[in-house]
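> Predicted model, plus sequence, below.
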Amino acid sequence: MAERVSPNRGSILVVDDDRAVLQSCENILTDEGHEVQTAGHGMAALDLLKRTCFDLALVDLKMPGMNGLEMLEAARRIKPDLVVIIFTAYATIETAVEAIKLGAFNYVTKPFTALELVATVEKGLMRADLARQSVRRREESAAGPDNIVWQSSVMEATLNTLRKVAQSDANVLITGESGTGKELAARFVHFASKRANQPFVAVDCAAIPDNLLESELFGYEKGAFTGADHKKRGLLELADGGTLLLDEIGEMSMNLQARLLRVLQERVFRRLGAEKVTSVNIRLISSTNRDLLARVRQERFRSDLLFRLNVVNVQMPPLRARQGDVAVLCRHFLDLHARNLGGPEIRLSPEAAEAMEQYRWPGNVRELQNILERAVVLNEGGIISVADLPDFIFDAVELHEQAAPHTAYKAVRSAWIDGQGRQYFSELLARHNGNVSSAAREAQISRKSFYQLMKKFNLEPRRKALES
Ligand SMILES: Nc1ncnc2c1ncn2[C@@H]1O[C@H](COP(=O)(O)OP(=O)(O)OP(=O)(O)O)[C@@H](O)[C@H]1O
Ligand SMILES: [Mg+2]
């Protein structure tokens, strides 16, 4: 990382196709003591990002080739904690709001003054510092079950299921919208299980290209392919005795799915280029925000693999269906920030708290966490006011057309019943090896009703599941 002159001086990347903007940003920011590098288009910027450690990036929204939003997404894959500030013209302010939803920290409207630019960059750098501190804290307090915060009965029921699941060695598929805490749930299962003292290895199948994922998972022998100049143990071996989380499993290629299936069936695998097989004992947890059955229908996911992964399905409820959780999560994240900053308590004003309650949270807990991180930097005097929250939180359409129905008792109840029902039937089917007649007997309902319920919960009998 670049040497920092003071806590608020940083290493900054500016990306814009307009050379005049690049030049003036460079002048203004270098005068402030920052280190600045510039790129005239997205690809050049990504290249720099891979090679240099930046604290912050200023990215123009409208660029030929890769636009700012695409650049933001790609940059977050390379460096998830990078603080990104978007340049935008008034005409594209809606896209800027979209960018904030996608994780950008803030935006600066063009034309801007030196003062505006410097102030926004300073706040962005404070955010980068906070993020660094919280990563350190996270690493220090190894992710244990204590980190889960909840108040709602929906979440209580989900945690009870997770506790039960932890007692067994069954493969678990954790589903749920993005940001609902799927990875946290996987860690919870691991740390509550008898494997808690063994390794927990997580791999994000979406973030790693296919051939790399294969060698990461299976490892390789020296000389297995060009560049394999030493033997490498794969994640399957590293997780031996413990738990392997295959995150975003829906993104795995058909080829790797076939290899994984073989590992699950035979409990042995071969390193790339190896003659000998290696045996492993792992508990597999997979997670996805995709509808895997739909992917099976599109022939992009193997039904036999799904059947093996999905011995138990736990569905993480969306935040909007968790009555009472927003308040305790806000408290939790704000306390964490205050502790990290070593400062006094930070609170939400009653109006801000009400807005947080009313919002629909399409990005769930992760979005809530992002919005609070931003507000912690923007607030003054330890009280987060409505002015410190992004405008879209107050979007009337979302408030009236979406939030209300989703937090209504009926909607919450039906989301809960759907989650529990799907789980009950999927466990029942697994116990009966996919045999509907025998599962229906245990459930004491007719086969016809059983089939109707399976359809409702998107489940398939074994006969179909094995036809691939
Ligand atoms: N109940 C909770 N209590 C405290 N923190 C939570 C809770 N749920 C989620 N989080 C935090 O929210 C963030 C998102 O959680 P996580 O990564 O587990 O979600 P995810 O469903 O895997 O998201 P994605 O689909 O984006 O990968 C994490 O920082 C996590 O620590
Ligand atoms: Mg995840």
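Structure received. Ligands and ions are numbered 1, 2, ... in the order given.

> What does the residue of the stretch 151-300 of the chain found nearest ligand 1 show for phi and psi?
Closest residue of the stretch 151-300 of the chain to ligand 1, C-beta to the nearest ligand atom: residue 181 (2.9 Å). (Glycine included, C-beta is placed from N, CA and C.) Residue 181 adopts backbone torsions of phi 100, psi 30, taken as degrees, to the nearest 10.

> now the biggest helix by length in the chain: how far from the chain's centre is it?
As assigned by DSSP state H, the longest helix anywhere in the chain is helix 114-140. Remark: helix 114-140 is offset 20 Å from the chain centroid, using C-alpha atoms, centre = their mean, to the nearest Å.

> Find the nearest non-adjacent residue to residue 175, please.
Once flanking residues are discounted, residue 175 sits nearest to residue 315: 5.1 Å by C-beta to C-beta, 6 or more residues apart in numbering.

> got it, and residue 210?
residue 253 (4.7 Å).

> try residue 321
In space, residue 321 is closest to residue 415, 4.3 Å off (C-beta to C-beta, 6+ apart).

> Closest approach to ligand 1 from the stretch 1-150 of the chain, which residue is it?
residue 149 (3.7 Å).

> name the element the nearest residue to that residue once chain neighbours are set aside belongs to?
Sequence neighbours aside, residue 332 is the residue nearest to residue 149 in space, at 4.4 Å (criterion: C-beta to C-beta, 6+ apart). Using DSSP states H and E, residue 332 sits in helix 325-341.

> Tell me the buried residues in that helix?
Of the residues in helix 325-341, 325-326, 329-334, 336-338, 340 count as buried by neighbour count, 16 or more other C-beta atoms under 10 Å.

> Who are the packing partners of it?
Judged by 3 or more C-beta pairs under 8 Å, 6 or more residues apart in numbering; DSSP states H and E, helix 325-341 is in contact with helix 114-140, strand 347-348, helix 350-358, helix 364-378.

> can you list contacts of that helix?
130, 133-134, 137, 149-152, 155, 319, 344-348, 353, 356-357, 361, 365, 368-369, 372-373, 376, 384 (C-beta atoms under 8 Å, 6 or more residues apart in numbering).

> most centrally placed residue in this structure?
By C-alpha atoms, centre = their mean, the mean C-alpha position of the chain lies nearest to residue 179, the distance being 5.2 Å.

> contacting residues around that residue?
Applying C-beta under 8 Å, 6+ apart to residue 179 gives the contacts 319, 363-367.

> Apply 10 Å and report the result again.
289, 316, 318-319, 361-370 (C-beta atoms under 10 Å, 6 or more residues apart in numbering).

> Write out the residues of the stretch 101-250 of the chain neighbouring ligand 1.
Within the stretch 101-250 of the chain, the positions near ligand 1 by C-beta under 6 Å from any ligand atom are 147-150, 176, 178-184.

> Out of these, which sit inside strands?
Judged by DSSP state E, strands contain none of these.

> can you pick the most crowded of the residues you listed?
residue 180 (27 neighbours; other C-beta atoms under 10 Å).

> What is the neighbour count of the closest residue to that residue other than its chain neighbours?
Excluding the flanking residues, the one nearest residue 180 by C-beta to C-beta, 6+ apart is residue 316, at 3.8 Å. Counted with other C-beta under 10 Å, residues neighbouring residue 316 total 26.

> same check, this time on residue 295
Neighbours of residue 295 (other C-beta under 10 Å): 18.

> from now on call the first residue 2
All set: I'll call the first residue 2, so the last point we hit is now residue 296.

> List the contacts of it.
250-252, 289, 302-304, 307.

> and what of residue 381?
Applying C-beta under 10 Å, 6+ apart, the residues contacting residue 381 are 388-389.

> what does the model give the residue lying closest to residue 377 once chain neighbours are set aside for pLDDT?
With sequence-adjacent residues excluded and distances taken as C-beta to C-beta, 6+ apart, residue 377 is closest to residue 338, at 4.7 Å. What the model reports as pLDDT for residue 338 is 86.

> Ok, residue 10 next?
Value for residue 10, per-residue pLDDT: 82.

> I figured it hits residue 56, correct?
Yes: using C-beta atoms under 10 Å, residue 10 is in contact with residue 56, at 9.1 Å.

> quick one: which of these two has more around it?
Higher neighbour count among residue 10 and residue 56: residue 56, with 25 against 18, using other C-beta under 10 Å.

> how about that one, what does it touch?
2-3, 5, 10-14, 35-36, 82-84, 122, 125-126, 128-130, 132-133.

> If we use 6 Å, what do you get?
Going by C-beta atoms under 6 Å, 6 or more residues apart in numbering, residue 56 touches 11-12, 126, 129.

> Emit the ChimeraX select command for whichever of the residues you listed are buried.
Command for ChimeraX that selects the buried part of those, burial taken from 16+ other C-beta under 10 Å:
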select :11,12,126,129
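
> right, and out of the contacts of residue 56, which lies closest to residue 233?
Set against residue 233, the nearest of the contacts of residue 56 by C-beta to C-beta is residue 12 (31.9 Å).

> Over to that closest one: give its phi and psi.
The phi/psi pair for residue 12 (degrees, to the nearest 10) reads phi -100, psi 120.

> and if you look at residue 40?
Dihedral angles for residue 40 - degrees, to the nearest 10 - are phi -140, psi 140.

> nearest residue to it other than its sequence neighbours?
residue 46 (3.9 Å).

> Pull out the buried positions in the helix or strand containing that neighbour.
Residue 46 is part of helix 43-52, with elements assigned from DSSP H and E. Going by neighbour count (16+ other C-beta under 10 Å), the buried part of helix 43-52 is 43, 46-47, 49-50.

> picking up where we left off before, okay but the residue nearest to residue 176 is in contact with residue 419, surely?
No: applying C-beta atoms under 6 Å, one finds residue 316 not in contact with residue 419, separated by 8.0 Å.

> neighbour-wise, which of those two wins?
residue 316 (23 against 16).

> Show the model's pLDDT score for residue 222.
Confidence score, pLDDT, at residue 222: 86.

> count of neighbours near residue 88?
Counted with other C-beta under 10 Å, residue 88 comes out at 26.
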